[in-house]
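Colleague: sequence unknown, structure follows:
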């Protein structure tokens, strides 16, 4: 029996059974044992209980002291998810955090925007988040909510998104798709075991996107290859590689009018600032992981994994931003980093080619089981090395003209004659870490987890000329501990404490200390939760948490700029999460989650910023998706979804809020046979009632933007098994 470790953040210890022999035929006595054919058997559990947290060692879903959600391949296909923003709709703890159409997107978990350097993982290893994250080659998406210092080191405290690649299997499918805008989509999934010990799986996708925003059509080409090599009865090598190119014009977000009012009469099909010379944003990305697992015996296993991720962005935007040059803002009475009160906004020719982000990570782990008397131990020891570099050319960012949000025809302006400069290294960040975790079993009902990660960070940042601008060095031990009580075979409860660390933020250009980086901040998380396996196919969960860290923000003051970027006070996020995933009945499948979150600051020195919800963190969210197989037409299923978000704060003083919204989605899924082969049709209609809503009031580089939600959109796909 070979029990190999699966290379993913939340399933590092998932076992794969690989027997060394097959049943003997009738004439076995006349054959040598070497003539017996090897048989490959793969086993997995359905549902969230297949997920295990790399931050809390091996353990099934009930014994993992963290809030974890897993979206499997079937859910991704039914929802026809194409972008990260669409993925975020599936969990109430997630939300957009600067997610423009046509650009790479970011999300927030528990109110904290993910760090694009460390918040996204592919098979458990870091990937550059500044890319259009493809989903065709994924078996599942794992969402770990909250602190994950043991797994990731220096990172934002909200959590981690881990993409788990498909493994080789006997599969041949083709998917064709379109939507109400006329987009064209093709994807193929082909896998085969070439020998009993070596298998491959190819996924590819080609997409011509017709966006609901004018002038924002785009294209995407994606290719991936996964290979498994069962080297011996004890060892296994898994390799995954993917490459993607995309090109699409980026859609600028809106801003508050005069800094105090939401835009009105917004046309969601309008591309703000569009200029005929504006080129698409091109992004080329590649991600490679390789993992070798080895079973020394039934109790001890090792895993060595390396990953490389690279994203190259050619940024070309006629960018709508502020009103510094508009008549209503020229005298300084209206803040220039918002749109003017009458809807005027400035347009900038922004070009930043060859913006290159690289992540390189290597990790080695040893896991084992042993006992000391009546106490059992599940020990994890590991070393981790991570490097991130950013190379950029001096960009062009020049004002070219002013337009208005209600312009039916946007004026055409001449582009800037300036050209980007040479590429220089802008960031070199290195982490070295050692981590240990012991899951101690005390009798049959109690488990105590204790461990931590010692991390050393050496980060150098350079200016546009390549001169050293700052250097940060720090060493921290990030402890974590948890207690798990198995009340019954179906019910467990836990309490945990985790400390993390995140890099300080950069001061926006409109503050008195523009470009300065503040010190790294330590965060602390307390969490308690209950998990209940209501049936073999239905999981229920609840988690109560509090996350605290120092607050970094633009403080109003008497400086010439009017603001200085400082660290003052505490930021506290306190929340309750509820989830239900699985089969309610034989025909009805449910995925539901709800989140209530209070995110506030105190002791900042700016009283008007305190006592209310933080920007882009709704107090409540809910997401429900139902899949019902009709009893009178067994091959037909009806799907439906409901999304809700409470009013969303859009200004630091809390005076302006985007209204709450409800969105309803509907769909159909039909399964039939064509010449003996299965064919699956998926029809989904998002935002059935065509509600207008502001889906995102998030920030980028210290500025705040408003992005409207998509109008009603229908998607149709058909998958042929060949």
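Modeller: Nice, thanks for sending it over. As the structure is a computational prediction, the values presented were derived from the model and not from experiment. Numbering: from 1, shown residues only.

Colleague: mind listing the helices for the stretch 1-150 of the chain?
Modeller: 73-79, 84-88, 149-152 (DSSP state H, counting those that start in this stretch).

Colleague: what's the second one packed up against?
Modeller: Packed against helix 84-88, as judged by 3 or more Cβ pairs under 8 Å, 6 or more residues apart in numbering; DSSP states H and E, are the following elements: strand 94-96, strand 107-109. No exception for glycine: its C-beta is placed from N, CA and C like everyone else's.

Colleague: go on, the longest one?
Modeller: Contact here means 3+ Cβ pairs under 8 Å, 6+ apart; on that basis helix 73-79 packs against strand 138-145, strand 620-629, strand 677-686.

Colleague: Any buried residues in the last one, and which?
Modeller: By neighbour count on 16 or more other Cβ atoms under 10 Å, the buried set for strand 677-686 is 680, 682, 683, 684, 685, 686.

Colleague: Columns distance to residue 595 and pLDDT on top of those residues, output as CSV?
Modeller: Output for those, formatted as CSV (distance: Cβ to Cβ, whole Å; pLDDT from 0 to 100):
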residue, distance to residue 595, pLDDT
680, 32, 96
682, 28, 97
683, 29, 97
684, 24, 96
685, 25, 97
686, 21, 97
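
Colleague: that older thread, which of the helices of the stretch 1-150 of the chain comes out lowest on mean pLDDT?
Modeller: Per-stretch mean pLDDT for the helices of the stretch 1-150 of the chain is lowest at helix 149-152 (a mean of 71).

Colleague: gap between that helix and the chain center?
Modeller: 16 Å (Cα atoms, centre = their mean, to the nearest Å).

Colleague: Over to stretch 93-106?
Modeller: So, by Cα atoms, centre = their mean, the centroid of stretch 93-106 is 10 Å from its chain's centroid.

Colleague: okay, how far is it across that stretch, tip to tip?
Modeller: 14 Å (Cα to Cα, to the nearest Å).

Colleague: And the residue nearest the centre of this structure?
Modeller: residue 161 (4.1 Å; Cα atoms, centre = their mean).

Colleague: Tell me which strands the helix or strand that residue 571 is a member of pairs with, and in which orientation.
Modeller: Using DSSP states H and E, residue 571 sits within strand 563-583. Its sheet considered, strand 563-583 pairs with strand 538-556 (antiparallel), strand 588-602 (antiparallel) by DSSP bridges.

Colleague: Any buried residues in that strand, and which?
Modeller: Those would be 563-566, 569, 571-575, 577-583, for strand 563-583 by 16+ other Cβ under 10 Å.

Colleague: Check stretch 438-445 too.
Modeller: Buried, per 16+ other Cβ under 10 Å, within stretch 438-445: 439, 440, 441.

Colleague: Tell me the one of the residues you listed nearest residue 325?
Modeller: residue 439 (60.5 Å; Cβ to Cβ).

Colleague: ok, that closest one touching residue 449?
Modeller: Yes. Using Cβ atoms under 8 Å, residue 439 is in contact with residue 449, at 5.1 Å.

Colleague: rewinding a little: which one of the buried residues of stretch 438-445 is nearest residue 651?
Modeller: residue 439 (45.6 Å).

Colleague: what is the closest one paired to in the beta sheet?
Modeller: If you apply DSSP bridges, the partners that residue 439 bridges to are residue 378, residue 449.

Colleague: and what of residue 677?
Modeller: residue 674.

Colleague: got it, and residue 499?
Modeller: Residues in beta-bridge contact with residue 499 (DSSP bridges): residue 524.

Colleague: That one - how many residues pack around it?
Modeller: 18 (other Cβ atoms under 10 Å).

Colleague: what's it in contact with, if anything?
Modeller: By Cβ atoms under 8 Å, 6 or more residues apart in numbering, the contact list for residue 499 reads 147, 149, 478, 479, 480, 522, 523, 524, 525.

Colleague: Quick one: which of those is the most crowded by neighbours?
Modeller: residue 147 (33 neighbours).

Colleague: For that one, which residues are in contact?
Modeller: Counting by Cβ under 8 Å, 6+ apart, residue 147 has contacts 55, 157, 159, 480, 498, 499, 500, 523, 525, 547.

Colleague: tell me the contacts of the residue lying closest to the third one once chain neighbours are set aside?
Modeller: Using Cβ to Cβ, 6 or more residues apart in numbering and skipping the chain neighbours, the partner closest in space to residue 159 is residue 109 (3.9 Å). The neighbours of residue 109, taking Cβ under 8 Å, 6+ apart as the test, are 93, 94, 143, 145, 146, 158, 159, 161.

Colleague: For residue 72, state which of these is nearest.
Modeller: residue 143 (12.1 Å).

Colleague: which residues does that closest one bridge with?
Modeller: residue 69, residue 161.

Colleague: ok, it - contacts?
Modeller: 68, 69, 70, 71, 91, 93, 94, 109, 159, 160, 161, 162.

Colleague: The last one and residue 189, how far apart?
Modeller: When you say that, I think you mean residue 162. 21 Å (Cβ to Cβ, to the nearest Å).

Colleague: Same drill for these two, tell me which one is more crowded.
Modeller: residue 162 (29 against 22).

Colleague: I'd like to know how many residues surround residue 168.
Modeller: Residue 168 - counted by other Cβ under 10 Å - has 22 other residues nearby.

Colleague: Checking my notes, residue 268 in a strand, right?
Modeller: No. Assessed by DSSP: H, G, I helix; E, B strand; the rest coil, residue 268 does not belong to a strand; its assignment is coil.

Colleague: any idea how far it lies from residue 102?
Modeller: Residue 268 is 14 Å from residue 102, by Cβ to Cβ.

Colleague: cool, and residue 683?
Modeller: Distance from residue 683 to residue 102, by Cβ to Cβ: 25 Å.
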